[in-house]
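[1] take this sequence and fold it.
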Amino acid sequence: MAGTLAAWCNWAGNQRSTALLVARPRTVDDIVEAVRAAANAGTTIRAVGSGHSFTGAALTDGHRLDLSGLATGVTVDTVRRLVTVPAGMTLHTLNQLLATHGLALPNLGDIDAQTVAGALSTGTHGTGAKLGCLSTFVTALTLVTGAGDVLHCSADAHRDVFAAARVGIGAVGVLVEVTLRCVDAFVLRAHERPAALSAVLSDLPGLVERHDHVEFYWFPYTARVQVKTNDRVPADDRPLPRWRGWLDDEFLANTVFAGACRLGRAVPALVPGISAVSARALTERIYTGRSDRVFCTPRRVRFVEMEYALPRAALAEALAALRRIVDRLPVKVLFPVEVRFSAADDIWLSHGYGRDSAYLAIHQYVGMPFEPYFRAFEKVATELGGRPHWGKLHYRDAASLAPAYPKFSDFLTIRNRLDPTRVFTNPYLRQVLGD
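    Purely as a prediction, here's the structure:
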């Protein structure tokens, strides 16, 4: 079960650590043993997924848990539309599994490489004004506490732990098994089109109301956006031709965009022009497809990211401020800004706790300066009541975050109970939750 000294880095390459020991558990008992061994050795232990968080959430210089081989079994209940899977399973594998049973998750983000545990623990979300983050689909979960105890939690058992652990940043235990509420498999009709930012903002409430899923991308240094709407339809009668999918999603969005980013990094003065060309390179397209294949797209161009959940009414003000920030930055911004929407939920550390949200995500190409950009936007977002995504870069600390989450102190109470010796802690958790 145990390995040797091992270096690790995340997908973006901006977070790195070397563990004293790597455990690769196959069973829940293996995880219990690993947690107790770390506690007895006076060190810490952190579980890692596929490394798609930009924060240091998974870093450890103690012991590391690699859950990719965890085999707790899979149960699919097609009548009740429930699936129980190991927490180390990737979303891609889960989507394939569900499709073979005529099921699907109600919503997804745009990356499917994440593990189930990693996606849930950081509050991963898609877009859909009537849907919450992925953690709202959880009906039950099993975790191993800092004492090595195994807890089975749901709305009917250990309700307070359930409220905390669905978005727990790995602070209250190791997620080992999760039961998710699914829906019957469905087809989406995707409509992607360029538009003027002003036109989208003027029609935004209606746009969000009319469609099941809405997102748009603003191209810095322009007044242009790319709008994408996804709606359920009865039949997959307009599949995207293979050549068009390759041209848009592989060649233009990855190969050509990667080259443009490298050019912009080498010659920053060219960035505004590159952004203007990018704003018009992706033309309108309409197609249908299996839900997860429409939701999820390949991401091969490396970047770092900050994302804030804002009260939905604050979006226009936040975007206006962001445009002013971009124009006066000492560095150039190569990546579009992404805007998505979600519904309120009751999960204690969910970014959408108690309110409908608009998510505003800013990115920067790897190797480009990003801190002045991210810090300037964070100041605006914080003043507007924003909550940072737990898996995206931010500079907030526990004192700053506590007023943003009505149940913050309740979460800390659960953490103190389940991990009193802080066997799961690391510098990121000390930053955002305190000692």
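
[2] contacts, neighbours, all on C-alpha from now
    OK.

[3] tell me where the model's unsure across this protein.
    1-5 (pLDDT under 70).

[4] show me it divided up by domain.
    Per automatic domain parsing, the structural domains of the chain span 71-184, 187-396.

[5] contacts only, for the nearest residue to residue 376 once chain neighbours are set aside.
    Nearest non-adjacent residue to residue 376, counting by CA to CA, 6 or more residues apart in numbering: residue 325, 6.9 Å away. Residues near residue 325 by CA atoms under 8 Å, 6 or more residues apart in numbering: 373, 376-377.

[6] mark which of those residues are buried, thanks.
    Using 16 or more other CA atoms under 10 Å as the burial test, the contacts of residue 325 include 373, 377 as buried.

[7] tell me who's in contact with residue 380.
    Contacts of residue 380 by CA under 8 Å, 6+ apart are 318, 321.

[8] next helix or strand past the helix or strand hosting it?
    Assessed by DSSP states H and E, residue 380 sits inside helix 371-383. Next helix or strand after helix 371-383 toward the C-terminus (DSSP H and E): strand 387-388.

[9] from the contact counts, what lies against the next helix or strand after that following strand?
    Per DSSP H and E, the first helix or strand lying C-terminal to strand 387-388 is helix 398-401. Secondary-structure packing of helix 398-401 (3 or more CA pairs under 8 Å, 6 or more residues apart in numbering; DSSP states H and E): helix 427-433.

[10] now do the buried residues in stretch 254-267.
    Those would be 254, 256-258, 260-262, 264-265, for stretch 254-267 by 16+ other CA under 10 Å.

[11] actually stretch 392-401, sorry about that
    Within stretch 392-401, the residues that count as buried by 16+ other CA under 10 Å are 392-394, 398, 401.

[12] quick one, helices of the stretch 1-150 of the chain?
    28-40, 91-100, 116-121 (DSSP state H, counting those that start in this stretch).

[13] tell me which of those helices is the most buried.
    Greatest average neighbour count among the helices of the stretch 1-150 of the chain goes to helix 116-121 (a mean of 28), per mean count of other CA atoms under 10 Å.

[14] make sure residue 274 is actually in contact with residue 262.
    No: using CA atoms under 8 Å, residue 274 is not in contact with residue 262, being 11.0 Å away.

[15] residues touching residue 124, list them.
    Neighbours of residue 124 in contact, by CA under 8 Å, 6+ apart: 109, 133-135, 391.

[16] over to residue 432?
    By CA under 8 Å, 6+ apart, residue 432 lies in contact with 396-398, 401.

[17] ok, now how distant is it from residue 176?
    Distance of residue 432 to residue 176, given as CA to CA, to the nearest Å: 23 Å.

[18] got the phi and psi for the most centrally placed residue in the chain?
    For the chain, residue 124 is the residue whose C-alpha lies nearest the centre (CA atoms, centre = their mean; 3.3 Å). Residue 124 adopts backbone torsions of phi -60, psi 140, taken as degrees, to the nearest 10.

[19] could we number from 424 for the rest of this?
    Noted, 424 is the first residue going forward, which turns the last one into residue 547.

[20] how close does it get to residue 532?
    7 Å.

[21] ok so, going back, okay, the domains of the chain in a markdown table with distance to residue 482 next?
    Formatted as a markdown table, the domains of the chain follow (distance: least, CA to CA, whole Å):
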| stretch | distance to residue 482 |
| --- | --- |
| domain 494-607 | 11 |
| domain 610-819 | 12 |
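
[22] most neighbours per residue, which of these?
    Highest mean neighbour count among these (mean count of other CA under 10 Å): domain 494-607, with a mean of 21.

[23] helices of the stretch 574-723 of the chain, start to end?
    Assigned by DSSP H, counting those that start in this stretch, the stretch 574-723 of the chain shows helices spanning 582-588, 620-625, 627-633, 665-668, 680-689, 694-704, 714-718.

[24] okay, and the beta partners of residue 652?
    residue 614, residue 637 (DSSP bridges).

[25] surely it and residue 614 touch.
    Yes: at 5.3 Å, residue 652 and residue 614 qualify as touching, with contact defined as CA under 8 Å.

[26] on that earlier part again, tell me which of the domains of the chain lies nearest to residue 476.
    For those, proximity to residue 476 was assessed by CA to CA; domain 610-819 is nearest, at 4.5 Å.

[27] how far does that closest one stretch from start to finish?
    39 Å.

[28] returning to what we had before: how about the helices of the stretch 424-573 of the chain in CSV, adding distance to residue 633?
    Listed next are the helices of the stretch 424-573 of the chain as CSV, based on distance: least, CA to CA, whole Å:
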stretch, distance to residue 633
helix 451-463, 45
helix 514-523, 26
helix 539-544, 28
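
[29] mind checking which of those is nearest residue 777?
    Each of those has some distance to residue 777 by CA to CA; the shortest is helix 539-544, at 17.8 Å.

[30] contacts for the closest one, please.
    Helix 539-544 has contacts (CA under 8 Å, 6+ apart) with 471-473, 510-514, 557-558, 588-593, 598-599.

[31] so for residue 726, which of the helices of the stretch 574-723 of the chain sits nearest?
    Nearest of those (CA to CA): helix 680-689, 10.1 Å.

[32] does anything pack onto that closest one? Which helices or strands?
    Checking 3+ CA pairs under 8 Å, 6+ apart, helix 680-689 ends up next to helix 694-704.

[33] and for the helix it packs on, what's in contact with it?
    617, 642-645, 647-649, 675, 683, 687, 755-757.

[34] what's around residue 833, how many residues?
    Neighbour count for residue 833, taken as other CA atoms under 10 Å: 17.

[35] output the one helix or strand it maps to as CSV, nothing but the C-alphas.
    Assessed by DSSP H and E, residue 833 sits inside helix 831-841. Coordinates of the C-alpha atoms in helix 831-841 are reproduced here as CSV (Å, rounded to 0.1, in the frame of the first residue of the first chain):
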residue,chain,number,x,y,z
PHE,A,831,-18.3,29.2,8.9
SER,A,832,-18.1,28.8,12.7
ASP,A,833,-20.3,25.7,12.5
PHE,A,834,-17.9,24.2,10.0
LEU,A,835,-15.0,24.9,12.3
THR,A,836,-16.9,23.1,15.1
ILE,A,837,-17.2,20.0,13.0
ARG,A,838,-13.5,20.3,12.0
ASN,A,839,-12.5,20.5,15.6
ARG,A,840,-14.5,17.4,16.4
LEU,A,841,-13.4,15.2,13.5
